[in-house]
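Peer 1: Need the 3D shape of this:
(one chain, ligands or ions: 1)
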Amino acid sequence: MREEKEIVKVCKRHGHLNINDIQLIKHKKCKKGFYYTCKICNNYSKKMYATRNRKKLSENNKEYRKKNRDKYNSWARKYFKKNRSIISERANKKYNNDDFFKKRALENTKKSMKKLRENISDSYVKSLITRDSLLTSKDIPLFLVEIKRMQIILKRELKND
Ligand SMILES: [Zn+2]
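Peer 2: Have a look, this model is predicted:
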């Protein structure tokens, strides 16, 4: 820590930086294996890069996830379990402050609800049964799910006639 305090960096935009403005970045290509940079500028350029390459980055991500689905899924499950409260807190905050994020989140929810409805999956049927009751999905026996599913299909058929 003492070593870091002695480092005086100069940012072209911000001038001399104090310790709070400096960020250590690990970088394999550097001689030391890391370098120091201005935190504000670095965050800014990261943001700009992400904005400029949003499509490409998300496509890369998608491609990677597709190729490593099992690996990714188990990693994501573990990560989510471990960080559940932080993630939901962050998402809540973002949802309340970021209109673009909110819109996308609502759209995604709508889409996945539509998919669920179309497939009439067990979990969708269970969610319908448990919606207005004290039961949880674990309490619903399979035969009840089957009955409810048939009811839904019947209702839809009647509607289409
Ligand atoms: Zn700077």
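Peer 1: Please make it C-alpha for all contacts and neighbour counts, starting now.
Peer 2: Noted.
Peer 1: tell me the helices in the chain, going along the chain?
Peer 2: Using DSSP state H, the helices found in the chain span residues 2-5, 39-52, 54-67, 69-82, 84-97, 99-119, 122-131, 142-160.
Peer 1: just so I know, which of these lies nearest the ion?
Peer 2: Among the helices of the chain, the nearest to the ion by C-alpha to the ion is helix 39-52 (4.3 Å).
Peer 1: residues from this protein in reach of the ion?
Peer 2: Within the chain, the positions adjacent to the ion are 11, 13-14, 38, 41 by C-alpha under 5 Å from the ion.
Peer 1: Can I get the buried part of those residues as one PyMOL selection?
Peer 2: Applied in PyMOL, the following selects the buried portion of the residues of the chain next to the ion according to 16 or more other C-alpha atoms under 10 Å:
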select buried, resi 11+38+41
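Peer 1: Of the residues of the chain next to the ion, just say which sits nearest to Glu59.
Peer 2: For the residues of the chain next to the ion, the minimum distance to Glu59 (C-alpha to C-alpha) is 26.0 Å, reached by Cys41.
Peer 1: got JSON lines for the helices of the chain, with mean pLDDT too?
Peer 2: Listed next are the helices of the chain as JSON lines, based on pLDDT from 0 to 100:
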{"stretch": "helix 2-5", "mean pLDDT": "50"}
{"stretch": "helix 39-52", "mean pLDDT": "90"}
{"stretch": "helix 54-67", "mean pLDDT": "86"}
{"stretch": "helix 69-82", "mean pLDDT": "86"}
{"stretch": "helix 84-97", "mean pLDDT": "88"}
{"stretch": "helix 99-119", "mean pLDDT": "86"}
{"stretch": "helix 122-131", "mean pLDDT": "88"}
{"stretch": "helix 142-160", "mean pLDDT": "85"}
